[in-house]
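S.K.: Build me a model from this:
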Amino acid sequence: MSHGVRIFRVDNPHTKPVDFWAWILAEVRKTDPDVIFLAEAFTRPAMMHMLGKVGYQQSYTYFTWRNEKWEIEEYLTELTTQTDSFFRPNFFVNTPDILPSFLQWGGKPAFTIRAVLGSTLSPIWGVYSGFELFENQAVRQGSEEYLNSEKYQYRPRDWAAADASGENLSLLLGRLNQIRREHPALQQLRDLHFHHAPHEDVIVYSKRAGDDIVIAVVNLNPHAIVESEVVLDMAALGLSPHDVFLVHDELTGQTWRWGQRAFVRLTHDDPAHILTIVKPGAS
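M.R.: Okay, the predicted model is just below:
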């Protein structure tokens, strides 16, 4: 810490005594209250929660393996309403240890989908190097271990070549972070509301902080182009059932006229919308 390090990722903290962490975290807070400890603990929920209760400011989560609509809705409801007072989820889309099967087989759309979900569902998210370049080759079928893992060797990447070829997701990641900076609704965990889409592969949710409202519509199937109706809970948006309004897609720059019911078509190139409501008189 004397060298300026303010964030520590602790490997497998659940294998050490909880009392030890309670003591050392309390000691660090006395002298360096701004230091953050991230628990790299994929273990039983009770232990993950306990680490948060004794002082870990952030934690890995099961988001990595939540791909279906019902799984995401159920898990985020838990994180935002049941464990939110002591558990701070960091939504890493991949890690040095985990190459999710969704990324292995979903192609470029899968990377976009997971980046949008991670960056809009949680106020804290993370990306491990190589995600931008769509690295998706596992050491063997059925494994979540990266082939030629950086855990065991030095792996330089040709970022310039990736930029030149267009095989680079960095522009999207930069845009997602810019959207997060501009919208307080995405900087908090709790005020998350799921809306209805009859299509099983389309998830719709909103986040709200005061007058700032962000609506996300995401295709969860990287292999399909989907079309679906969207039915908004207008009260959750601070609107009346018959209101008609303009929504602006922060990803594409397009604007549409919406009401309680709307239609979306989500493609491989554009599998998600991140929408803000255009206020009357706004330019």
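
S.K.: Let me see the domain layout of the chain.
M.R.: By the assignment in the TED database, the chain contains the domains 7-186, 192-277.

S.K.: for the ones you listed, which one sits closest to M1?
M.R.: Distances from M1 to each of the domains of the chain were compared using Cβ to Cβ; the minimum, 5.3 Å, belongs to domain 7-186. Every residue, glycine included, has its C-beta placed from N, CA and C.

S.K.: any idea of the mean pLDDT for that closest one?
M.R.: Domain 7-186 comes out with an average pLDDT of 96.

S.K.: In CSV, list the C-alpha atoms belonging to the helix or strand encompassing V204.
M.R.: Of the helices and strands defined by DSSP states H and E, V204 is found in strand 202-209. Listed in CSV are the C-alpha atoms of strand 202-209, where the atom choice follows Å, rounded to 0.1, in the frame of the first residue of the first chain:
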residue,chain,number,x,y,z
VAL,A,202,-35.2,-11.2,-24.7
ILE,A,203,-34.6,-9.6,-21.3
VAL,A,204,-35.8,-6.1,-20.4
TYR,A,205,-34.8,-4.1,-17.3
SER,A,206,-34.5,-0.6,-16.1
LYS,A,207,-32.4,1.3,-13.6
ARG,A,208,-33.4,4.6,-12.1
ALA,A,209,-31.7,7.2,-10.0
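
S.K.: Listing partners with orientation, what would you give for that strand?
M.R.: Next to strand 202-209 in the sheet, as set by DSSP bridges, lie strand 192-195 (antiparallel), strand 212-219 (antiparallel).

S.K.: Quick check: which of those is buried the most?
M.R.: Sort the strands paired with strand 202-209 by mean neighbour count, taking mean count of other Cβ atoms under 10 Å, and strand 212-219 sits at the top with a mean of 23.

S.K.: List of residues touching the helix or strand following that one?
M.R.: Toward the C-terminus, strand 212-219 is succeeded by strand 226-231 as the next helix or strand (DSSP H and E). Contacts made with strand 226-231 from outside it, assessed by Cβ atoms under 8 Å, 6 or more residues apart in numbering, are listed as 195-199, 201-202, 204, 217, 219, 260-266.

S.K.: List the buried residues of strand 226-231.
M.R.: If you call a residue buried by 16 or more other Cβ atoms under 10 Å, then strand 226-231 has these buried ones: 226, 228, 230.

S.K.: follow-up on the earlier one: just the buried residues of the contacts of strand 226-231.
M.R.: Among the contacts of strand 226-231, those buried by neighbour count (16+ other Cβ under 10 Å) are 195, 197, 199, 201-202, 204, 217, 219, 260, 262, 264, 266.

S.K.: Going by distance to L133, which of those wins?
M.R.: Of all the buried ones among the contacts of strand 226-231, L133 sits closest to N219, with 22.3 Å by Cβ to Cβ.

S.K.: excluding its backbone neighbours, what's nearest the closest one?
M.R.: In space, N219 comes closest to L266 once its chain neighbours are excluded; the distance is 3.7 Å by Cβ to Cβ, 6 or more residues apart in numbering.

S.K.: how far away is that neighbour from I274?
M.R.: For L266, the distance to I274 under the criterion Cβ to Cβ, to the nearest Å works out to 12 Å.

S.K.: next one: T31
M.R.: Distance check for T31 against I274: by Cβ to Cβ, it reads 40 Å.

S.K.: okay, the two: which has more neighbours?
M.R.: Here T31 and I274 are compared on neighbour count by other Cβ atoms under 10 Å; more neighbours surround I274, at 24 against 8.

S.K.: does the more buried one sit in a helix, a strand or a coil?
M.R.: strand (DSSP: H, G, I helix; E, B strand; the rest coil).

S.K.: On the strand side of things, show who it bridges to.
M.R.: Legend: beta-bridge partners of I274 under DSSP bridges are A216.

S.K.: hang on, isn't it packed against V218?
M.R.: No: I274 lies out of contact with V218 (Cβ atoms under 8 Å); the separation is 9.0 Å.

S.K.: Overlap of the contact sets of those two?
M.R.: Contact with both I274 and V218 is made by residues V116, according to Cβ under 8 Å, 6+ apart.

S.K.: how close does the spatially most central residue of the chain sit to E27?
M.R.: What sits nearest the mean C-alpha location of the chain, by Cα atoms, centre = their mean, is G118, with 0.8 Å. Taken as Cβ to Cβ, the spacing of G118 relative to E27 amounts to 32 Å.

S.K.: Check W21 too.
M.R.: Note on W21: its distance to E27, by Cβ to Cβ, is 11 Å.
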